[in-house]
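Visitor: any chance you can model this:
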Amino acid sequence: MKILSVSIKNYKSIRDSGKIDLHNTLNALAGKNNTGKSAFIEAIYKVTHGELADYLSSNFDTVDLVMDINLSDEEISLLNTNVYEEYILFKFNHLRLTYLYDVKTNKSYIERIDRIVNDECIAFYYSVTNDPDIKYRVFNKNQHYSVNGIPTFFKNIHEMFKDKVIYINGSRYVQPTERTNLQNYLQVEGANLNALIYTLNNNAPRIFTKINESFKQIFNDVSNIGTPINENDQTYISIYFEGMDMPIPLSQCGSGYTHVLLLLCVLFNKEHSVVLFDEPHVFLHPSAEKAIYDLVSENKEHQYIFTTHSPILINYPVEKRLVHVSKSNGNSYYTHLEHIQEVLSDIGVNNSDFALSDKVIFVEGQTEEQVFPMILSYFGLKQIGYNYRILNMKGTGKNFSKKTAMREHKDKLDLVLSGVSQSPIPYKIIIDADDKADGKLLELRESYGDNLIILDRREYENYFLECYQELFEVINQDSSTPITDKEQIKDQVEKILSLTDDLKLFPKGSTDALKNVVGSEVLERLFRMYSLNYNKIVHGMELTQLVLNNTPEKLEFFKNELQDFIKG
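Guide: Below is the predicted model of the structure:
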């Protein structure tokens, strides 16, 4: 199930939210404190988890909730369970639900359900108020039917919401211990977390391992999750920390640990859930907060609505729907944002591509921008736990050729990267060696100091010139005439490298062919021999992945140059 849009009226500071369209995966309600962010997701949770009633008098306390939802065929089949043939839903996956909710009695009333076809509402179930013997009418298969009492279809859809809508906020309470009874799924309140983790550890080790490993990546001071039992046959979650002999019960750790475990249980042990997560930044260290957004963006099966006044999520480089929440004269207002500047200005920070990064790595072009994350991730330097950005400079130009321009460029970088954060943001610049003379290399190092990394070969492509197996595989997958002998690739590369008088290959001669040759020119000539055009980005990524799979040591230069910087 995915919620496509939400409209809320008359809940706390929300008089009328208007229609808020949602992203299939990640949504963020952002703005200052006490503007109505939490009220929005709280309303969704309370209405979908109230006691289902067959009547509710509309008054000034009644909350209105309208949701468009999209259902899978499997979910539609579940909704039709025990429903009479005349009342079942068929062939329609897009529904609009209209709920009323009484805050005082915690009762929820489904006023109507419509089918959405080509953006047009077609009545399905709708309430009847002028006949005491009839509660609802059903329009289905071009016929009208009457229902007295709560329709089974309503009961099923309300139970589905109770199962799938998970609310994580500061008041979530997990018991210190629980009986070691079988628990296969997380209860909506998270009250069975101890027993669930115990069950997964014993009955579903693969899922438990995913949770355990992700938890350790998010909290890098954690070494393991335990599920011991005591003399009363009760279990509890214990956290082992690096450098400590004895574990600490989860109930004695900070709330952030519990919140993350709840989220991981949804990620890896539930299907098609909607997670309402209230202000994760309040309970999490920034690196842990950043890590959960990475996990969420990689697990698109679920849908998430976060509330935040933290700039980290607002400016985090993942696809998302951003809604700005503001308050005026006691009323909350919700505005879709295509750009983030309005939010960042409202909460008092400046926007830039790197303002919220811990570290920045500048690279020359799009190829490096794409392949460096692959290399760093392979060597254990994935962005989960490390908040670095790789930014494409789109070439180097005079900033790396003229000495005065170098110094001015370095001063500007230092100024900008010191001004967008409370403390200066460390950075590295990685550039090709090209055909720079020793004197020019010395000038570069004097101007940029430790911030500069110069490749030990002319170009990134030079690192592929001895990767004969990988070149063989990439060429074979694209060529209409497959190569049968990879030695043929080696012979062709060596033949090209022997052309030391060719100025396109060696503009300034050669003392070391592998280092001095224009690597991209070698690959272009090699691919042309097999009627192919070498694509620096596409083929560069394919070759990088194959080298990492087969001979990763050939790309260790990048790990060795960057690991201390990223981890430091």
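Visitor: is the residue nearest to Asp21 when sequence neighbours are not counted in a helix, a strand, or coil?
Guide: Take Asp21 and drop its neighbours on the chain: the residue closest to it by CB to CB, 6 or more residues apart in numbering is Ser5, 4.9 Å away. The C-beta positions use only the backbone N, C-alpha and C, and glycine is treated the same way. Three-state call for Ser5 (DSSP: H, G, I helix; E, B strand; the rest coil): strand.
Visitor: all helices for the stretch 301-450 of the chain, in order.
Guide: 311-314, 341-346, 366-378, 403-419, 438-448 (DSSP state H, counting those that start in this stretch).
Visitor: can you flag the weakest of the ones you listed by average pLDDT?
Guide: Per-stretch mean pLDDT for the helices of the stretch 301-450 of the chain is lowest at helix 341-346 (a mean of 45).
Visitor: need the contact list for Tyr55.
Guide: Counting by CB atoms under 8 Å, 6 or more residues apart in numbering, Tyr55 touches 109, 135.
Visitor: now do the helices in the stretch 451-568 of the chain.
Guide: For the stretch 451-568 of the chain, the helices defined by DSSP H, counting those that start in this stretch occupy 468-478, 487-497, 513-516, 519-528, 538-550, 556-567.
Visitor: next, format the ones you listed as CSV and append mean neighbour count, distance to Gln183 and mean pLDDT.
Guide: Output for the helices of the stretch 451-568 of the chain, formatted as CSV (neighbours: other CB atoms under 10 Å; distance: least, CB to CB, whole Å; pLDDT from 0 to 100):
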stretch, mean neighbour count, distance to Gln183, mean pLDDT
helix 468-478, 19, 47, 92
helix 487-497, 16, 56, 94
helix 513-516, 18, 59, 91
helix 519-528, 19, 56, 95
helix 538-550, 18, 39, 95
helix 556-567, 15, 38, 92
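Visitor: dump those helices to a markdown table, plus distance to Pro247.
Guide: Supplementary listing: those in a markdown table, determined by distance: least, CB to CB, whole Å:
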| stretch | distance to Pro247 |
| --- | --- |
| helix 468-478 | 45 |
| helix 487-497 | 54 |
| helix 513-516 | 52 |
| helix 519-528 | 52 |
| helix 538-550 | 36 |
| helix 556-567 | 26 |
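Visitor: those helices: which one's closest to Glu51?
Guide: Closest to Glu51 of these, according to CB to CB: helix 556-567, at 51.8 Å.
Visitor: for this protein, what helix or strand is lowest in average pLDDT?
Guide: Every helix and strand of the chain was ranked by mean pLDDT, DSSP states H and E. The lowest is helix 341-346, at a mean of 45.
Visitor: low-confidence regions, the stretch 101-250 of the chain specifically.
Guide: Scanning the stretch 101-250 of the chain for pLDDT under 70 picks out 171-173, 188-189.
Visitor: 50 - rerun?
Guide: In the predicted model, the stretch 101-250 of the chain carries no residue with pLDDT under 50.
Visitor: what about the strands in it?
Guide: Secondary structure of the stretch 101-250 of the chain (DSSP state E, counting those that start in this stretch): strands at 107-117, 120-127, 136-140, 143-147, 165-168, 178-179, 222-226, 234-235, 238-241, 248-249.
Visitor: ok, the closest residue to Asn202 other than its chain neighbours - contacts?
Guide: Closest residue in space to Asn202, ignoring its immediate chain neighbours: Thr227 at 7.8 Å, by CB to CB, 6+ apart. Residues near Thr227 by CB under 8 Å, 6+ apart: 194, 197-198, 201-202, 235-238.
Visitor: could you measure the closest residue to Val296 other than its chain neighbours against Lys164, distance?
Guide: Distance criterion CB to CB, 6+ apart; nearest residue to Val296, sequence neighbours excluded, is Tyr304 at 5.4 Å. Going from Tyr304 to Lys164 by CB to CB, to the nearest Å gives 13 Å.
Visitor: for the two, list the residues in contact with both.
Guide: Common neighbours of Tyr304 and Lys164 (criterion: CB under 8 Å, 6+ apart): Val274.
Visitor: more neighbours, those two?
Guide: Of the pair Tyr304 and Lys164, Tyr304 is the one with more neighbours under other CB atoms under 10 Å, namely 27 against 21.
Visitor: quick check, pLDDT for that one.
Guide: Note on Tyr304: pLDDT of 96.
Visitor: what's the answer for Leu4, then?
Guide: pLDDT, Leu4: 98.
Visitor: can you get me a residue count around it?
Guide: Counted with other CB under 10 Å, residues neighbouring Leu4 total 18.
Visitor: now it: closest residue in space that isn't a chain neighbour?
Guide: Excluding the flanking residues, the one nearest Leu4 by CB to CB, 6+ apart is Asp68, at 4.1 Å.
Visitor: which other residues reach the host helix or strand of that neighbour?
Guide: Here Asp68 is covered by strand 62-70, with elements defined by DSSP states H and E. Residues from elsewhere that reach strand 62-70 (CB under 8 Å, 6+ apart): 1-11, 19, 43-44, 46-48, 56, 93-103, 116.
Visitor: now, of those residues, which are buried?
Guide: Applying 16 or more other CB atoms under 10 Å to the contacts of strand 62-70, the neighbour count classes 1-4, 6-11, 43-44, 46-48, 56, 95-103, 116 as buried.
Visitor: burial measure for the residue nearest to Leu4, as a count.
Guide: A count of nearby residues for Asp68, using other CB under 10 Å, gives 20.
Visitor: also Lys508?
Guide: Other residues lying near Lys508 total 11 when counted by other CB under 10 Å.
Visitor: renumber starting at 252 from here on
Guide: Let's use 252 as the start, then, which means that last one is Lys759.
Visitor: how close does it sit to His790?
Guide: On the measure of CB to CB, Lys759 and His790 end up 26 Å apart.
Visitor: go on, Ile292?
Guide: Between Ile292 and His790 the distance is 45 Å, computed by CB to CB.
Visitor: one more: Val725?
Guide: For Val725, the distance to His790 - CB to CB - is 6 Å.
Visitor: what of Tyr637?
Guide: In this view, Tyr637 and His790 are 28 Å apart by CB to CB.
Visitor: likewise for Leu444?
Guide: 47 Å.
Visitor: ok, Ser548 next?
Guide: 27 Å.
Visitor: who's in contact with Ile408?
Guide: Contacts for Ile408 (CB under 8 Å, 6+ apart) come out as 330, 348, 361, 364.
Visitor: what about 10 Å?
Guide: 252, 299, 303, 320, 322, 326, 329-330, 340, 346, 348, 361, 364, 376, 402 (CB atoms under 10 Å, 6 or more residues apart in numbering).
Visitor: kindly report the same for Val622.
Guide: If you count contacts by CB under 10 Å, 6+ apart, then Val622 has 614, 641, 711, 714, 787-788, 791-796, 798-799, 806, 809 around it.
Visitor: make it 6 Å
Guide: Residues counted as contacts of Val622 (CB atoms under 6 Å, 6 or more residues apart in numbering) are 791-792, 795.
Visitor: go on, Phe412?
Guide: Phe412 sits in contact with Thr299, where contact means CB under 6 Å, 6+ apart.
Visitor: what is the mean pLDDT for stretch 261-273?
Guide: 96.
Visitor: and that stretch, end to end?
Guide: Taking CA to CA, to the nearest Å, stretch 261-273 runs 20 Å from one end to the other.
Visitor: buried sites along that stretch?
Guide: 261-263, 265, 268, 271, 273.
Visitor: wait, which of these is closest to Asn471?
Guide: Set against Asn471, the nearest of those by CB to CB is Leu273 (32.2 Å).
Visitor: list the beta-bridge partners for the closest residue to the closest one other than its chain neighbours.
Guide: Of all residues not flanking Leu273 in the chain, Ile254 sits nearest, at 5.5 Å (CB to CB, 6+ apart). Per DSSP bridges, the residues bridged to Ile254 are Ile320.
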